[in-house]
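Asks: Okay, predicted coordinates and the sequence, questions at the end:
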There are 4 protein chains.
Amino acid sequence: MTKNRLEAFSDGVLAIIITIMVLELKIPHGSDWESLRPVIPVLLCYIMSFIYVAIYWNNHHHMIYTVKKVSGGILWANMHLLFWLSLIPFTTGWMGENHFTPLPVALYGVVLLMSAAAYIILQKQIIKKQGNDSVLKNAIGKDLKGYISLILYLIAIPFSFITTWVSEVSYFLVAMMWLIPDKRIEKNLDH
Amino acid sequence: MTKNRLEAFSDGVLAIIITIMVLELKIPHGSDWESLRPVIPVLLCYIMSFIYVAIYWNNHHHMIYTVKKVSGGILWANMHLLFWLSLIPFTTGWMGENHFTPLPVALYGVVLLMSAAAYIILQKQIIKKQGNDSVLKNAIGKDLKGYISLILYLIAIPFSFITTWVSEVSYFLVAMMWLIPDKRIEKNLDH
Amino acid sequence: MTKNRLEAFSDGVLAIIITIMVLELKIPHGSDWESLRPVIPVLLCYIMSFIYVAIYWNNHHHMIYTVKKVSGGILWANMHLLFWLSLIPFTTGWMGENHFTPLPVALYGVVLLMSAAAYIILQKQIIKKQGNDSVLKNAIGKDLKGYISLILYLIAIPFSFITTWVSEVSYFLVAMMWLIPDKRIEKNLDH
Amino acid sequence: MTKNRLEAFSDGVLAIIITIMVLELKIPHGSDWESLRPVIPVLLCYIMSFIYVAIYWNNHHHMIYTVKKVSGGILWANMHLLFWLSLIPFTTGWMGENHFTPLPVALYGVVLLMSAAAYIILQKQIIKKQGNDSVLKNAIGKDLKGYISLILYLIAIPFSFITTWVSEVSYFLVAMMWLIPDKRIEKNLDH
């Protein structure tokens, strides 16, 4: 019951986040190719953020599936995750409109870093409540992917003040790494 | 379970897409008939896009109904479809505000074409997972309507640079062709 | 199943309609009472429209509860209703920003009239599919409230070009008339 | 059934409220630290309002869980609560953009006060329908936290015209007081 509403609320917030980002694609006043040009960097940022939110939805979905008991800690860790994800439309729009200048690229990374940290906190809260033999605990193992992501973000953020393309490639690599939903959880669930 | 959240998330995104389009109907500053006039082409585009998103919701709904097993491929094919549909508010607004000039009309068609292709990909992913004897496979048969739509879009897009009304009529014809929910699936489900 | 997704999608669209209306409350630049003044008529319109959408949600909810079989006709009649309701944020904002001038007041009524008509069409589609002995058929009887609303709107719309307060009072009266959820359906359901 | 749709609709509205607030974080035109500065007070307001809406979702969720029978009174008391909560994005944005000047701070408190009152009304409607031995009745007891909140708001609102930090601290204290979901209901549910 409680779990259902947690899912429904999270689905609602994630659906809105992924869709209001498209409002940052401001409609150009002209109708030729020239007027479409400033939209392109914003569109590229939109695509990357769309993939990120889709990954979060996908993995959130697999993770919540393993939850049997909900605690106050889980509810608030989930809200904390949604908070950081809700800032993605802002950083996406800022990065796109300023053509990947250092500060917006760094801030984009900070929000991704905090979201990743919030996800790990939520994971820990769920395992704490379900016990050490829980499906999730066995599935994520040492959570290598989670910690590699954190490290890549921590490298990418300061790098954006030297050269932004290193940061952009890092963000892209993390997305690619996560694009495939967590096979480990799926496998464990099949047993 | 997994299927329920897939439906819930898709419903959420489609509900938001269909509703934020209305935000492109900018409130006029005056309050006479004259000030209402620039709203009319935007309203016409809104009506067409509303019908399109409604058709996608309707058919998506029938299609997901036949799903018994969800795979990672289905989840991502669904996200891919939602991505292209999420661009409809942008192209709708651009076409409406520029009174059906060539480039916006062509881009509107490109997004419809990519959405239709994404829908066919999702269909193939579902059939692949459910097997060749699946309800969906029998229901869509050779998917004539799907491929006719693709062809009509492919004709409409270049035509918009010659004369836009051919494109507009094509988009309208495709919508009319799909307006009726897929009787074939309904029939197969009744057995 | 089909009915559940119909409800979920309608709930989503109605929740978004009721909430995006609040975006028309533009944040004033100053921070004194004077700068708050232009917000007041928009707020009044927002309250009225909020009540209207809440009434529609309430009655839609009771009506769909009686549905046992869903048809293509019901799905499309529902979409048609959602279309007209989706225009309410636009007419609400226009009426509020122009301080109840004739044309916006009339257009507000036209959208209410079309929504009411769409609701009656949906009702007829549901009764048609469920049969003449259906709960809904017995519950609404001759649907006096439905037809009185239509008549009041038809009086209110032309009147707005003579004097707008007659229209405003009419809209308010219709809302009051519907504010109480349909006791008849509730009673019939209890048996 | 009825309860499910009540939850679904409330979840939808709360998810949208919490997410559209982020649209008030206007994307700055520049891309340096200087241009980011005006965003900071808006971000602080966003964080506080995010916590408030999250608290309402959390407690609403626990409260509705105890509901066995839904009445028209409950439906409308719920709508009344959603109405006041829907004004939070407006007051949040106004307070943030005007750097905590008296009137916006006071109005922010008024909306919080009315939301808290609406929550108590909804509570009373639920208890009235479920009976005096209901889980909710036993769980909230004398509802000390509810009434302390009202008193703190009533102090904070006039104080904002003398010095705004007293008001801000009050709003913050109330949020902290509620941050922990109502243990009493959880305990009662466990039996």
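Replies: Ah, there it is.
Asks: Give me the distance between A:K124 and chain C.
Replies: 32 Å (C-beta to the nearest C-beta, to the nearest Å). Heads up, the C-betas are built off the backbone N, CA and C, glycines and all.
Asks: Spatially nearest residue to that residue (excluding sequence neighbours)?
Replies: The shortest distance from A:K124 to any non-neighbouring residue, by C-beta to C-beta, 6 or more residues apart in numbering or on different chains, is to A:A77 (7.9 Å).
Asks: residues contacting that neighbour?
Replies: A:A118, A:I121, A:L122, A:K124, A:Q125 (C-beta atoms under 8 Å, 6 or more residues apart in numbering or on different chains).
Asks: The longest helix anywhere in chain A: what's the following helix or strand?
Replies: Longest helix of chain A, by residue count under DSSP state H: helix A:102-130. Downstream of helix A:102-130, the first helix or strand assigned by DSSP states H and E is helix A:135-140.
Asks: Can you tell me which helices and strands that following helix packs against?
Replies: helix A:102-130, helix A:183-190 (3 or more C-beta pairs under 8 Å, 6 or more residues apart in numbering or on different chains; DSSP states H and E).
Asks: repeat that for 10 Å
Replies: Contact analysis of helix A:135-140 by 3 or more C-beta pairs under 10 Å, 6 or more residues apart in numbering or on different chains; DSSP states H and E lists helix A:39-65, helix A:102-130, helix A:183-190 as its packing neighbours.
Asks: Using CSV, write down the CA coordinates of it.
Replies: Coordinates of each C-alpha in helix A:135-140 appear next as CSV, following Å, rounded to 0.1, in the frame of the first residue of the first chain:
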residue,chain,number,x,y,z
VAL,A,135,17.4,-9.1,-2.7
LEU,A,136,18.8,-5.5,-3.2
LYS,A,137,21.8,-6.2,-1.0
ASN,A,138,22.7,-9.3,-3.0
ALA,A,139,22.0,-7.6,-6.3
ILE,A,140,24.1,-4.5,-6.0
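Asks: Would you mind checking the average pLDDT for that helix?
Replies: Mean pLDDT, helix A:135-140: 74.
Asks: and after that helix, which helix or strand comes next?
Replies: helix A:144-159.
Asks: tell me the mean pLDDT over the helix or strand encompassing A:M79?
Replies: Secondary structure assigned from DSSP H and E places A:M79 in helix A:72-86. In this model, helix A:72-86 has a mean pLDDT of 93.
Asks: how about the residues of chain A that lie near chain C?
Replies: Residues of chain A lying close to chain C by C-beta under 10 Å from any C-beta of the partner chain are A:A8, A:G12, A:A15, A:I16, A:T19.
Asks: ok, those residues vs D:N4, which is closest?
Replies: Using C-beta to C-beta, A:A8 is the member of these that lies nearest D:N4, at 9.9 Å.
Asks: Would you list the phi and psi of the closest residue to the closest one other than its chain neighbours?
Replies: The shortest distance from A:A8 to any non-neighbouring residue, by C-beta to C-beta, 6+ apart, is to D:D11 (5.1 Å). Backbone torsions of D:D11, given as degrees, to the nearest 10, read phi -60, psi -40.
Asks: same question, A:N132
Replies: The phi/psi pair for A:N132 (degrees, to the nearest 10) is phi -70, psi -20.
Asks: Not counting sequence-adjacent ones, nearest residue to the residue in chain A that chain B sits nearest to?
Replies: In chain A, the residue that lies nearest chain B is A:A15 (3.2 Å; C-beta to the nearest C-beta). In this structure, A:A15 finds its nearest non-sequential neighbour in B:G12, 3.2 Å apart by C-beta to C-beta, 6+ apart.
Asks: Where does the prediction get shaky in chain A?
Replies: A:1, A:180-191 (pLDDT under 70).
Asks: wait, A:W165 sits on A:P102?
Replies: No. Between A:W165 and A:P102 there is no contact under C-beta atoms under 10 Å: 11.3 Å.
Asks: which neighbours do the two share?
Replies: Overlap of the contact sets of A:W165 and A:P102 (by C-beta atoms under 10 Å, 6 or more residues apart in numbering or on different chains) consists of A:F159.
Asks: Just confirm A:N4 contacts B:N4, I think it does.
Replies: Yes. With contact defined as C-beta under 10 Å, A:N4 reaches B:N4; the gap is 9.1 Å.
Asks: circling back to that earlier point, is it true that the residue of chain A closest to chain B touches B:L14?
Replies: Yes. Counting by C-beta under 10 Å, B:L14 is a contact partner of A:A15 at 8.9 Å.
Asks: With that, I have no additional questions.
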